[in-house]
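Enquirer: have a look at this fold, sequence not included:
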C-alpha cells in the first residue's frame, strides 16, 4: 500500500488496503469497533480480511447508491498537518494524497465498499472489472461512454495508453511499481524502465504485444504470466488517468486535470488546496463517488493537537471539518473517549500498517548492530506517543493482523515479552563492536508525530550504547528523501500496509532486490538473492502454496537478513465536526471514507 506517513496512514500508504478491514457479521458497516483491548482488536482484525470480489457491468454502473440522509451543498474543511508530496496521480502512493485522489481522479477500476463492509472491484472508467483470457495473462477493458475530464475532453483508450506509458518516464518515481513491472516481464525485471525509457514522450510506444488499444474504447494488457490481481492493482490511486492532451510532465504535479467529481480551484503547496465541483463529471458513469458538498477546503500545517482541540470544541466552521489522515492527538484521546457527544463523532479502526525502523543496508552492514537496535527499540514508548492502545499494538514481525498469513506468536526478537526493549541484550551484542559502527544517523520527520518518535528512538538507542545523530527531514518530502538510494541516513522509521489482501503486496514492494531504485519502497535496499528467489516462487504459485512461501520469506528476512526492526501495528482514531454526515471507517482507505461525506445543513 503505500507507505504510512506522519500518522497519515501513509508512506503508508495510503497505501490502499482493499478489503483488509472488511467487517464480518454486521448488518451495517459503521467501521471497526477498535477498543482498548489489544488482543480483542487483533483477533477482530484477523477475521476482517475477506476476499475481494470482482463486479460485472451491473455492479459498475452509476450512479452510486445514495447515502441515507445525504444533502447537497456547503464546503467541507479538511485539516492536515503535512503538505501533499504529490498531486500527479502517477506519483501517488501514500494515503493523504490517495484520499485527495478519490475526489479528483478516476482509473480503470475502483474499490467499492457496501453497507456490510464487503469490498469489490468495480469498473470505474471501464464498464466492468475487466475480462481475463489466456489463463489470466490477457486482460481486456472496455471504456464507458460519456466520461470526460474537467476540460470536457472525452477519455479514450489513447489516454489510458498514455497514462500507462508515462509510468516508465524518469520523472515518475514515487508511484506504485506493479503494473510497470508486470508489463516489463522477465526481460526487464532488473529495471522495468528499460521497456520504455522515454515514457512515450519521445514518439516510441509500448508494443501491441504488451499493451494494445485497437479502438477508442478497448484496452488490452498482455503479460508473460497470469496476473489475477490486475483489477485490484488498477484501482490504486497511482494508476489514475492522466489525459494525454493535458500532460505537462513534471509540472503536472502542481496542476493536474481532474476526472473525478471535484477539480482544483487553487493550490498553494504546503498551505492550502481548494476543490470545487467538476461540472463535467457525470454521476451516471460512476458507481462509487458522490458530489454532495460544493467543495473541500484543505488546510495544511495544522498540527494534530490543534486539529483535535478544534474538533472537540466544535465551534463555528469546525462543525464542518474533518481530519484527512491525521488522528486524535494522543494526549487528548481520553478526553474524547470520556465525552460521549465527542466520542460519537469518531471513527476507529485497525489499520494494515506495520511501522518499522528500517536499516539502510548499504551503510549498516553489520547484522549484530541491526540485531542490537532491534532488541533495544522501545515499542511501548513509541506506541504511547501514538495514543497508547488506541494508537497501536506491539509488532513482533512484519505481517499485520489484517494480513492473511499473520503469525501472532512469531516473535524472534522477544518484542511481545519486552515491548519496552531489551537493553541488556542489545549491550551484549554491542560489546565488541567498534565505536564507529555504533554511531547511527537517524532521519526523522519534522511533524509532531515525528518529533515524538525521535525522542523515543534516541532514548532507547542511547541507553543501549549507540550514538544517535538525528537529522530532521521535511514531513511533506520525508519518503522522497529516504527513498533515495544514496541517502545519507542509517536508520529511519517507515510503515507499510498491503495494497490488497496478499503478503505479496508487502514482501514484494519493500524487499524485492529488483526494486532498489530512487523512489522505490525498498527503503532498506535489500538485495539478498534468496529473497528474490522466494518472491519469484510465490508469485507463480496458487494462493495456498504461495502463503507458505511468503511465510518462509518473512522468517528468512527477519532472522537472516533483518532489513528492519518491527515496531508497532497501527490503529486509526479520527474525529469530525458535528455537521458532517455519512461518516464511517473505510475498509479500503483505513481512514474516514471520504467518498461518502456530506454536510447535514
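Expert: Thanks, I have it. In this text, all values refer to a predicted model and were calculated from it rather than measured experimentally.

Enquirer: from here on, contacts and neighbour counts on C-alpha atoms
Expert: Will do.

Enquirer: where do the helices of the stretch 51-200 of the chain begin and end?
Expert: With DSSP state H, counting those that start in this stretch as the definition, the stretch 51-200 of the chain shows helices at residue ranges 95-104, 157-166, 178-184.

Enquirer: for the second one, give me every contacting residue.
Expert: Helix 157-166 is touched from outside by 90, 143, 172, 180, 196, 199-201, 205-206, 211, 213, 215-219, 239-244, with contacts defined as C-alpha atoms under 8 Å, 6 or more residues apart in numbering.

Enquirer: out of the helices of the stretch 51-200 of the chain, nearest to residue 269?
Expert: Of all the helices of the stretch 51-200 of the chain, helix 95-104 sits nearest to residue 269, with 12.6 Å by C-alpha to C-alpha.

Enquirer: what's the offset of that closest one from the middle of its chain?
Expert: Centroid separation between helix 95-104 and its chain, computed with C-alpha atoms, centre = their mean, to the nearest Å, is 11 Å.

Enquirer: helices or strands next to it in the packing?
Expert: Secondary-structure packing of helix 95-104 (3 or more C-alpha pairs under 8 Å, 6 or more residues apart in numbering; DSSP states H and E): strand 262-268.

Enquirer: okay, now the sheet partners of the strand it packs on, with direction.
Expert: When pairing is defined by DSSP bridges, strand 262-268 lines up against strand 272-277 (antiparallel).

Enquirer: in this structure, which helix is the longest?
Expert: helix 448-464 (DSSP state H).

Enquirer: beyond that helix, next helix or strand please.
Expert: Once the chain leaves helix 448-464, the next helix or strand it forms, by DSSP states H and E, is strand 467-473.

Enquirer: by contact count, what packs against whichever helix or strand comes after that following strand?
Expert: Moving toward the C-terminus from strand 467-473, the next helix or strand (DSSP H and E) is helix 478-482. The contact analysis (3+ C-alpha pairs under 8 Å, 6+ apart) places helix 478-482 against strand 439-445.

Enquirer: packing partners for the strand it packs on?
Expert: Checking 3+ C-alpha pairs under 8 Å, 6+ apart, strand 439-445 ends up next to helix 448-464, strand 467-473, helix 478-482, strand 491-496.

Enquirer: contact partners of the following helix or strand past the last one?
Expert: Which is strand 491-496. Downstream of strand 491-496, the next assigned helix or strand under DSSP H and E is helix 504-511. Residues outside helix 504-511 that contact it (C-alpha under 8 Å, 6+ apart): 1, 177, 496-499, 515, 520-527, 531, 535, 538-539, 550, 553-554.

Enquirer: filter those down to the ones in strands?
Expert: Taking DSSP state E, the ones among the contacts of helix 504-511 that sit in strands are residue 496.

Enquirer: any idea how far residue 215 is from residue 167?
Expert: For residue 167, the distance to residue 215 equals 22 Å [C-alpha to C-alpha, to the nearest Å].

Enquirer: again, but for residue 336
Expert: Counting by C-alpha to C-alpha - residue 336 and residue 215 are separated by 56 Å.

Enquirer: more neighbours: which of those two?
Expert: Neighbours were counted for residue 336 and for residue 215 using other C-alpha atoms under 10 Å; residue 336 has more, 22 against 11.

Enquirer: phi, psi of that one?
Expert: Main-chain torsions, residue 336, degrees, to the nearest 10: phi -70, psi -50.

Enquirer: which residues does it contact?
Expert: Applying C-alpha under 8 Å, 6+ apart, the residues near residue 336 are 312, 342-343.

Enquirer: figure out how far the longest helix of the chain is from the centre of its chain.
Expert: In terms of C-alpha atoms, centre = their mean, the centre of helix 448-464 is found 24 Å from the chain centre.

Enquirer: so which bits of it are buried?
Expert: Going by neighbour count (16 or more other C-alpha atoms under 10 Å), the buried part of helix 448-464 is 448-450, 452-454, 456-461, 464.

Enquirer: ok so, going back, name only those of the contacts of helix 157-166 that count as buried.
Expert: 90, 143, 172, 180, 196, 199-200, 205-206, 211, 213, 217-219, 239-244.
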